[in-house]
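S.K.: Predicted model and sequence below, questions to follow.
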Amino acid sequence: MRLKEYGKSAQDVKALVHKYMIETYERYDFVCERAKGMYLYDEKGNAYLDFYGGIAVNGAGNCNEKVVAAVRDQVGDVIHTFNYPYTLPQALLAEKICTTLGFDKIYYQNSGTEANEAMIKMARKYGVEKYGPNKYHIITAKGGFHGRTYGSLSATGQPDNACQIGFKPMLPGFSYAEYNNLDSFREQVTENTIAIMVEPIQGEGGVIPATPEFLRGLRKLCDEKGLLLLLDEVQTGWCRSGRIMAYMDYGIKPDILSMAKAMGGGMPISAIVTSDEIAKAFSFGSHGTTYGGNPVCCAASLAQINELLDRDLAGNAKKMGGYLTRKLRTLPHVKEVRGKGLLIGIEYDGPFGLQVKHACFDNRLLVTLIGDRIIRLIPPLILTEKDCDKAFGILKKASETI
Ligand SMILES: Cc1ncc(COP(=O)(O)O)c(C=O)c1O
């Protein structure tokens, strides 16, 4: 939909949103009418350099041609069927993901939080059926983020974050340990524990990569105690970290893995993958979703994943991430630049985040903010050195105004 066709100005659009929508987002002050590659465009054709990628979603670029073609192609054949008939996009995508990652089975959902709900439910059911009714406890990490529905929110170890304030009580059956502290997790294990659930890089929690000792240690701890290792790769998955999945950097494999965001190229789809044995916890009627595995989303996802893999966008994420990180470390007022691939956090030495974000926006660079001092960069993975140089120039100018 274009503003001109509807006789609307940008002011009209903003006014309608403020009047009718329940607002939980701090918006960039422009109307996005089109998006292509590394740029978003307003109704006047002004271009905004995209360093947030729809929050780590548009991995193969905004409106990637292959994804657009796949959606157009499928949308005219079947938009929605529910999961009663078989459909080709579901089948081909299942094969692609399972064979690429080396898992036996996949279950489709629609969003990151729902994939995590499925992961939590599967682990609990597996635990109580195999070991007894109390074997459903899950240890997660403080500072982690797993989503905003009650299971995932309860797994989110951030009691003082706005996402939890006013929504308590959380679900029972979760305990929280220190991220990157193996002893802290070990201490929390009880006879009722069935699983440990973490992100390989804490994204919303401030862009904190797991240390190799920690993640490998968790795998070992799970093996010793008969626990499941659940990895949430909703944000890190599908090439963002410089590997297809971030866990691959650590030489370990989870028992259940959740994914979303980049897998759909902008269409709402998510999934969990696991082994034949664990997958048996879900049987007819035990779990379900109206839209999960929607054929248009599956067709888009297949095109997106093919793009990410065929163009080695994990390799590009690693290369460009390294290039950009080296430059960012020279910025004034920067305490630390951390992350992996193209999930980068710039931590300032004071609460300058909002100021930097606004100064970037004034120069048409879109970045995201975590807390009041971390700027997070999660651009499409197709970016070039030229894009990095341009973004760096704007960030430098913004940091120099502090
Ligand atoms: C690691 C992680 N898990 C889960 C979620 C929730 O995903 P969604 O917003 O699609 O529900 C997010 C969202 O940022 C995330 O970063």
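M.R.: Arrived safely, thanks for sending.
S.K.: Name the next helix or strand downstream of the helix or strand containing residue 151, please.
M.R.: In the assignment (DSSP states H and E), residue 151 maps to helix 150-155. Once helix 150-155 ends, the next helix or strand along the chain (criterion: DSSP H and E) is strand 174-177.
S.K.: and that following strand, what does it pack onto?
M.R.: With contacts taken as 3 or more Cβ pairs under 8 Å, 6 or more residues apart in numbering; DSSP states H and E, strand 174-177 sits against strand 137-141, helix 182-188. All C-beta spots, glycine's among them, are computed from the backbone N, C-alpha and C.
S.K.: Tell me the residues of the stretch 251-400 of the chain that contact the ligand?
M.R.: residue 260 (Cβ under 6 Å from any ligand atom).
S.K.: Smallest distance to the ligand belongs to which residue of the stretch 251-400 of the chain?
M.R.: For the stretch 251-400 of the chain and the ligand, the shortest gap (Cβ to the nearest ligand atom) falls at residue 260, measuring 4.9 Å.
S.K.: repeat for the chain
M.R.: Counting by Cβ to the nearest ligand atom, the chain gets nearest the ligand through residue 112, at 2.2 Å.
S.K.: Wait, that residue touches residue 263, no?
M.R.: No: between residue 112 and residue 263 no contact is recorded; they are 10.0 Å apart, counting by Cβ atoms under 8 Å.
S.K.: Hey, what's the angle from the longest helix along the chain to strand 137-141? Just curious.
M.R.: Assignment by DSSP state H gives helix 112-131 as the longest helix of the chain. With axes from the mean of the first three to the mean of the last three Cα atoms, to 10 degrees applied, the angle from helix 112-131 to strand 137-141 works out at 140 degrees.
S.K.: Buried residues, helix 112-131. List them.
M.R.: 112-127 (16 or more other Cβ atoms under 10 Å).
S.K.: avg pLDDT for that helix?
M.R.: The pLDDT scores in helix 112-131 average 98.
S.K.: Give the residue spans of the stretch 51-200 of the chain that score low on pLDDT.
M.R.: By pLDDT under 70, the stretch 51-200 of the chain has no low-scoring segment.
S.K.: So which bits of it are right by the ligand?
M.R.: 55, 111, 112, 113, 116, 145, 146, 147, 199.
S.K.: Please repeat the previous calculation with a cut-off of 8 Å.
M.R.: Residues of the stretch 51-200 of the chain lying near the ligand by Cβ under 8 Å from any ligand atom: 55-56, 111-116, 144-149, 152, 199.
S.K.: On the three-state scheme, the nearest residue to residue 182 once chain neighbours are set aside is what?
M.R.: Of all residues not flanking residue 182 in the chain, residue 217 sits nearest, at 4.0 Å (Cβ to Cβ, 6 or more residues apart in numbering). Judged by DSSP: H, G, I helix; E, B strand; the rest coil, the three-state class of residue 217 is helix.
S.K.: Does residue 217 touch residue 183 like I think?
M.R.: No: Residue 217 lies out of contact with residue 183 (Cβ under 8 Å); the separation is 9.2 Å.
S.K.: So for the two, which sits in the more crowded spot?
M.R.: Neighbours were counted for residue 217 and for residue 183 using other Cβ atoms under 10 Å; residue 217 has more, 19 against 10.
S.K.: Kindly provide the distance from the more buried one to residue 333.
M.R.: Per Cβ to Cβ, to the nearest Å, residue 217 is found 35 Å from residue 333.
S.K.: cool, residue 282 as well?
M.R.: 50 Å.
S.K.: which non-adjacent residue is nearest the spatially most central residue of the chain?
M.R.: Taking Cα atoms, centre = their mean, the centroid of the chain lies closest to residue 235, which sits 2.0 Å from it. For residue 235, ignoring the flanking residues on the chain, the nearest one in space by Cβ to Cβ, 6+ apart is residue 203 at 3.9 Å.
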